[in-house]
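>>> Provided below are the primary sequence and the corresponding predicted coordinates.
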Amino acid sequence: MDMSKSIYLTTAIDYVNGHPHLGHAYEKILTDAIARFAHSCGNPVFFLTGVDEHGQKVQQTAEKRALSPLAYCDELAVVWSQFIEKLGICNNDYVRTTQPRHQKVVSAILNKLYKEGHFYKESYRGFYSAKEETFLTEKDRLPDGSFDPMYGEVTELIEDNYYFKLGEHQQWLIEYIESHPDFIYPESRKNEVLGFLKKEKLEDLCITRPVSRLSWGIPLPFDSEFVTYVWFDALINYMSIAAAHGDLQILKLLDLTPEDFPENGQEQMEIWPPDFQVIGKDIVKFHAVYWPIMLKAIGAPFPKRLIVHGWWQKNNQKMSKSTGNTVDPIAVINEWGLDAFRYYVLRELEVGPDGNWTDSGFETRYQVELANGLGNLVNRSLSMLNRYRDGIVPAKNDELKNETEIIVQNTFKSYQDIKIQGALIKIWELIYRANQYVDQTAPFKLAKQPEQAQRLDEVLYNLVEICRILAVILWPIIPETAEKIYSQLGLNTQPDLWSESFWGKLTPGHKVNKPMPLFPRRDLNKK
RNA sequence: CGCGGGGUGGAGCAGUUGGUAGCUCGCCAGGCUCAUAACCUGGAGGUCAGUGGUUCAAGUCCAUUCCCCGCAACCA
């Protein structure tokens, strides 16, 4: 692996004009787990997330509140970045599409593509709903030919706009996706995109909005009558931040220099291309079709993998603010703790399919898997070591070494394949095995028989060592808990490197600390 | 015929390249007492939606039918 280039991960950037919800939290935590695993493997990591701030809805809401759009965005940016912090995300940068560094890159790209003949200007005649501020298509017509009253008054309108030629890109994109089976994950999404590309003719993408209709956007550098369409603007964030951190490959491509980003100082990182771009299934088309075409036109290498995750429902119904069928991540974290939340969303579903949140499911996983499983194992292991050996780690012993190593390897492979749920299932096999081991060896009985002292030492070593290894392999998922385990083990290092998961790293004679419940048990009946 | 995803013991889910159907919860019985009234063992419970096919062998491949759920341009 090329160690000079960082593993580059991105999430979709969130549209600020909304409120952070479970879906946003899930995507961030999922990406965070992948990022932490990459770090754990010893790679430099660059993890980007951020917000998308342009567009009609922001402009409207700002107007309603008598604020400038930017002042309104400044307010929201705080809310969103606090949300990221609350989730324990280890991102290296936070992009806002209103930042000059981003706008510079968007302008550079627009200029380049314009000069190279990828755009053309054309008038569009269509039926426009002023109420919804959108053009309607034939598909929006009701069976009787009229438009739904929800669109208000619909008028026929002629509007000029710039378009990005996509037609010529359709064929190579199909071939690219077919010859790079890892490009879109999971496979079902890849098939969906291929199906679409093969069946439908790609229509040229409108990349502007007239200023008269929408002013809150990045001005088109070669025509002041227009601003850039939000999606064209938003997708570029992945590249603009690489440029802003001095990625020479991108700078050169866009004819920019590090001096164009004075706020960055002298930093020069190798970031591009992204290794993982994590998105929701709703925006597959933008990332699997428009985005590669944009990159091809720009001449930039493609992202390695697009990770498409599913959506959450609650109680098998679509989450919706209007019906109150929602999950507030902040409230859950405040009540149950960050790691319980992170664990649940990653354990509940594999990456790809939709998930279903239920409060009782969450509580059960907390109680059974975290409190009674992981928490109790660490607690009883450390407690016995303290009680029988004054907390001093006995001589090394390899009784469970093989079993543990197999599980650790399987877990590693699952992480590598982005099978996070699978990784957690395997990790819990180790927890069950360790609890079973306690029962089989009964250290509490050995402790009463002086002639069994050595056997007791062996058992205790195996238990404590497993607790330590668990911390290492769980760190990408539940970093706070992993660090707590290390701290209870009296270790002053961090469980953030996979190489720490090798058996036998706990040295005899080391003194551990007293255990504290990692996940305090709850009396669920009282709720 | 719009696209996609699903239908596996009471509930929620795993099932990699086809080879005796697993897990968690719940239920019943037993064991243990180090531990967060936690832990361990055993048991009951499924014709893997239906039908047809390929195969020595299919939940796992093919065909078809039924049912559920998302998506269909800015909502992760």
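Thanks, I have the structure now.
>>> whichever residue of the stretch 301-450 of chain A sits closest to RNA strand B: what's it in contact with?
Residue of the stretch 301-450 of chain A nearest RNA strand B, by CB to the nearest atom of the strand: A:Gly375 (1.8 Å). All C-beta atoms are positioned from the backbone trio N, CA, C, and that covers glycine. Applying CB atoms under 8 Å, 6 or more residues apart in numbering to A:Gly375 gives the contacts A:Pro517, A:Leu518, A:Phe519.
>>> shouldn't it be within a helix?
Yes. A:Gly375 sits within a helix when classified using DSSP: H, G, I helix; E, B strand; the rest coil.
>>> angles on the backbone of the closest residue to A:Glu458 other than its chain neighbours, please.
Nearest non-adjacent residue to A:Glu458, counting by CB to CB, 6 or more residues apart in numbering: A:Asn397, 4.2 Å away. The phi and psi values for A:Asn397, taken as degrees, to the nearest 10, are phi -150, psi 140.
>>> any idea how far A:Ile431 is from A:Asn397?
19 Å (CB to CB, to the nearest Å).
>>> likewise A:Cys41?
In this view, A:Cys41 and A:Ile431 are 23 Å apart by CB to CB.
>>> strands along the stretch 301-450 of chain A, start to end?
A:305-309, A:312-314, A:317-318, A:355-357 (DSSP state E, counting those that start in this stretch).
>>> which residues does A:Lys318 contact?
A:Asn325.
>>> and what of A:Phe46?
A:Ser6, A:Ile7, A:Tyr8, A:Leu9, A:Asn92, A:Asp93, A:His245, A:Met269, A:Ile271.
>>> do that again at 10 Å, thanks
Listed by CB atoms under 10 Å, 6 or more residues apart in numbering, the contact partners of A:Phe46 are A:5-10, A:35, A:38, A:91-93, A:241-242, A:245, A:247, A:269-272, A:274-275.
>>> A:Glu480 too?
Contact analysis of A:Glu480 by CB under 10 Å, 6+ apart lists A:Gly88, A:Gly337, A:Leu338, A:Asp339, A:Arg342, A:Leu518.
>>> one more time with 8 Å, if that's ok
Contacts of A:Glu480 (CB under 8 Å, 6+ apart): A:Gly88, A:Gly337, A:Leu338, A:Asp339.
>>> leaving out sequence neighbours, find the closest residue to the last one.
If the residues on either side of it in the chain are set aside, A:Asp339 comes closest to A:Ile478, at 3.9 Å by CB to CB, 6+ apart.
>>> for A:Tyr366, same thing?
A:Tyr366's closest residue in space is A:Ala340 (CB to CB, 6+ apart), at 5.2 Å.
>>> re the thing from before, among the contacts of A:Glu480, which two are most distant?
Maximum pairwise distance in the contacts of A:Glu480, criterion CB to CB, is 10.5 Å, between A:Gly88 and A:Gly337.
>>> returning to what we had before: among the contacts of A:Phe46, which are within reach of RNA strand B?
Counting by CB under 7 Å from any atom of the strand, the subset of those that neighbours RNA strand B is empty.
>>> report the buried members of those residues.
Those of the contacts of A:Phe46 that meet the buried threshold are A:5-10, A:35, A:38, A:91-92, A:241-242, A:245, A:247, A:269-272, A:274-275, by 16 or more other CB atoms under 10 Å.
>>> doesn't A:Leu48 fall inside a strand?
Yes. A:Leu48: assigned to a strand according to three-state DSSP.
>>> identify the residues contacting it.
A:Tyr8, A:Leu9, A:Thr10, A:Thr11, A:Asn91, A:Asn92, A:Asp93, A:Tyr94, A:Val95, A:Asn237, A:Tyr238, A:Ile241.
>>> which of the residues you listed sit farthest apart?
Spatial extent of these (CB to CB) is set by the pair A:Tyr8 and A:Tyr94 at 14.9 Å.
>>> isn't the residue nearest to A:Tyr366 right next to A:Gln367, touching?
No. Between A:Ala340 and A:Gln367 there is no contact, the gap being 10.1 Å when judged by CB atoms under 8 Å.
>>> between these two, who's got more neighbours?
Neighbour totals were compared for A:Ala340 and A:Gln367, and A:Ala340 leads with 22 against 17 (other CB atoms under 10 Å).
>>> look up the residues forming beta bridges with the nearest residue to A:Tyr128 once chain neighbours are set aside.
Closest residue in space to A:Tyr128, ignoring its immediate chain neighbours: A:Leu157 at 4.1 Å, by CB to CB, 6+ apart. Beta-bridge partners of A:Leu157, counted by DSSP bridges, are A:Gly126.
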